[in-house]
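Colleague: with the sequence up front, the predicted model follows.
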Amino acid sequence: MLRQAIEINMQSQFYNQQLEEKEGFHEWQIDALAEMRFRADPALSEENRSCGVCLVEFSHDEQLRLLPCMHKFHKMCADAWLGKTIIFS
């Protein structure tokens, strides 16, 4: 369990560095992120039932992208968002 926590922390640091450099991620970096299928559960909070990129609710068995911070997004939304140049105002 400690090893997994260390790996997640290292991945988070790497992705945070990419964000600070204001570059989009390479395809191989995005492909290395975990994927999962959404399982509908009435106990989930509103925040965990929808995509933070497009704001649309997840459908049962829909393919999601799981980031190292444990946030979930539609796979297509996350991949497109992470692949773009990131600009902060």
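Modeller: Yep, that arrived. Just so you know, these numbers come straight off a predicted model, no measurement behind them.
Colleague: residues near the closest residue to Leu66 other than its chain neighbours, how many?
Modeller: Counting by CB to CB, 6 or more residues apart in numbering, Leu66 lies nearest to Ala34, which is 4.1 Å off, once chain neighbours are set aside. For glycine as for every other residue, the C-beta is placed from the backbone atoms N, C-alpha and C. Neighbourhood size, Ala34 [other CB atoms under 10 Å]: 12.
Colleague: just the pLDDT for Ala34.
Modeller: Each residue has a pLDDT score; the one for Ala34 is 95.
Colleague: would you quantify the distance from it to Glu46?
Modeller: Here the distance between Ala34 and Glu46 works out to 23 Å (CB to CB, to the nearest Å).
Colleague: for Glu47, give me the pLDDT.
Modeller: 78.
Colleague: so how far is Met70 from it?
Modeller: 12 Å.
Colleague: how about Glu27?
Modeller: Distance from Glu27 to Met70, by CB to CB: 22 Å.
Colleague: tell me which strands and helices the strand or helix carrying Trp81 is in contact with?
Modeller: Assigning secondary structure by DSSP states H and E places Trp81 in helix 75-83. Under the contact criterion of 3 or more CB pairs under 8 Å, 6 or more residues apart in numbering; DSSP states H and E, helix 75-83 touches helix 27-31, strand 63-66.
Colleague: how many neighbours does Cys51 have?
Modeller: 22.
Colleague: ramachandran angles for it?
Modeller: Dihedral pair for Cys51: phi -80, psi 130, per degrees, to the nearest 10.
Colleague: who touches the helix holding Trp81?
Modeller: 24-25, 27, 29-30, 33, 35, 51, 53-54, 63-65, 67, 73 (CB atoms under 8 Å, 6 or more residues apart in numbering).
Colleague: let's see it at 6 Å
Modeller: By CB atoms under 6 Å, 6 or more residues apart in numbering, the surrounding residues in contact with helix 75-83 are 24-25, 30, 51, 53-54, 63-65.
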